[in-house]
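>>> heads up, no residue letters with this:
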Ligand code: NDP
């Protein structure tokens, strides 16, 4: 297999990866960055980013990632398409296989692979994938103009997706398993005051039906309780917004992770237990998961990589 040696390899192209690249490139580390399956990462599937300091009017997630990408490129980052498919971090230089066809031998690695949307685990989610099931309202909402959709989840993402979809769809059901929303107050208020959104508290989706794509969802109200109710609700689209799974699988044999798979780093730093290997952004952050915190840890990781290379 073809092998290439690099000083600093950055895996991932969200705010963490691109910020690491900006700093690493400006420190002359000649970083090589692989963008992964979804260049720009999760922010490219969000609507407006209204809480990133410096954008008083907000900015679209796609535009922000495009700007970050161009900034990384401007300082000489070698940006490449490709997915890291295997890792050997047993000794330096560390080996990362790209698309099962090329090996990068890196002195330092910044893991900024982010996290991916979780699904409920229903067979029907697979059956109707791309036929009414989606984990990204911004990507797919367009197809549901004037239709009826359901969003599963009670966090900020679910509320954001429900509000976004309410701007397109005729009706949005928010399926929440608890009797309350976990989302921040402002997002809860946005959802509760939107006439098009109906919140179904204490509901679980247990299956989907339809001959030609999703035509409805099987619901259970107060599942497991004596007054449990089962009924079907006609919908055209089923959106998941129940959290994320960190993309850390290939690194797990070498770095410590928590039970969900988030990479554990030395507190207050992006250092993993492997010297010269750093983790930044959502792959190592179960708590904050914000663009600004991801960018900050990307910056920290690049500074750490520079110091590590200086010995
Ligand atoms: P969260 O983990 O906050 O919420 C997940 C939601 O999905 C919860 O309501 C949870 O229910 C529900 N859920 C999980 N698994 C299941 C299941 N199997 N069946 C039914 N429901 C399920 O994830 P988010 O993606 O919403 O948010 C992640 C982080 O990102 C948070 O810190 C959030 O604040 C932040 N965020 C901020 C935004 C902003 O500021 N604009 C926008 C989006 C996200 P339960 O409550 O019962 O556990």
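Looks like it arrived, so ask away. Computed from a predicted structure; not experimentally measured. Numbering: from 1, shown residues only.

>>> Just give the closest residue to residue 188, not the sequence neighbours.
Leaving aside its chain neighbours, residue 188 sits nearest to residue 181 (4.9 Å; criterion: Cβ to Cβ, 6 or more residues apart in numbering). In this view, the C-beta of every residue, glycine as well, is placed from N, C-alpha and C.

>>> Three-state assignment for the one you found, please.
Assigned with DSSP: H, G, I helix; E, B strand; the rest coil, residue 181 falls in the coil class.

>>> For the closest residue to residue 264 other than its chain neighbours, give its distance to the ligand.
The shortest distance from residue 264 to any non-neighbouring residue, by Cβ to Cβ, 6+ apart, is to residue 256 (4.2 Å). Applying Cβ to the nearest ligand atom, to the nearest Å, one obtains 22 Å for the distance of residue 256 from the ligand.

>>> Go ahead and confirm residue 256 touches residue 272.
Yes: the pair residue 256 and residue 272 qualifies as a contact (Cβ atoms under 8 Å) at a distance of 7.3 Å.

>>> is it true that residue 29 touches residue 305?
Yes: using Cβ under 8 Å, residue 29 is in contact with residue 305, at 6.4 Å.

>>> out of these two, which sits in the more crowded spot?
Counted by other Cβ atoms under 10 Å, residue 29 and residue 305 do not tie: residue 305 has more neighbours, with 29 against 25.

>>> Check what pLDDT the residue of the stretch 101-250 of the chain found nearest the ligand gets.
Closest to the ligand within the stretch 101-250 of the chain is residue 155: 2.4 Å, counting by Cβ to the nearest ligand atom. At residue 155, the predicted lDDT confidence score is 95.

>>> just the one 10 residues further on next, same as before
We note a pLDDT of 97 for residue 165 in this prediction.

>>> One more: the one 10 residues further on?
The per-residue pLDDT reported for residue 175 equals 98.

>>> For the helix ranked longest in the chain, buried residues please.
When secondary structure is assigned using DSSP state H, the longest helix within the chain turns out to be helix 291-310. Taking 16 or more other Cβ atoms under 10 Å as the neighbour-count basis, helix 291-310 is seen to contain the buried residues 291, 293-306, 308-309.

>>> same thing with stretch 177-190?
For stretch 177-190, burial by neighbour count (16+ other Cβ under 10 Å) applies to 177, 181, 183, 187-188, 190.

>>> one step back: per-residue confidence averaged over the longest helix of the chain?
Helix 291-310 shows a mean pLDDT of 97.

>>> and that helix, what does it pack onto?
Under the contact definition 3 or more Cβ pairs under 8 Å, 6 or more residues apart in numbering; DSSP states H and E, helix 291-310 sits against strand 2-11, helix 15-26, strand 102-111, strand 277-279.

>>> about what we covered before: so residue 256 and residue 272 - more neighbours on which side?
Between residue 256 and residue 272, residue 272 has the larger neighbour count (other Cβ under 10 Å), namely 24 against 13.

>>> Model confidence score at that one, please.
Looking at residue 272, its pLDDT is 98.

>>> Pull the contacting residues for it.
Listed by Cβ atoms under 8 Å, 6 or more residues apart in numbering, the contact partners of residue 272 are 111, 251, 254-256, 263-265, 278-279.

>>> Ok, residue 117 next?
Contacts of residue 117 by Cβ under 8 Å, 6+ apart are 135-136, 240-241, 243-245.

>>> Apply 6 Å and report the result again.
Shown here is residue 117, whose contacts under the criterion Cβ atoms under 6 Å, 6 or more residues apart in numbering are 135, 244.

>>> how about the residues of this protein near the ligand?
If contact is defined as Cβ under 6 Å from any ligand atom, the residues of the chain in contact with the ligand are 51, 120, 152-158, 160, 177-178, 182, 242-243, 289.

>>> Out of the residues you listed, who's the most crowded?
Top of the residues of the chain next to the ligand by neighbour number is residue 158, holding 27 neighbours under the definition other Cβ under 10 Å.

>>> and it, helix, strand or coil?
For residue 158, the assignment made with three-state DSSP gives helix.

>>> Drop everything from the contacts of residue 272 that is not in helices and list the rest.
Per DSSP H, the contacts of residue 272 never map to helices.

>>> Could you identify the buried members of these?
The buried subset of the contacts of residue 272 - by 16+ other Cβ under 10 Å - is 111, 251, 254-255, 263, 265, 278-279.
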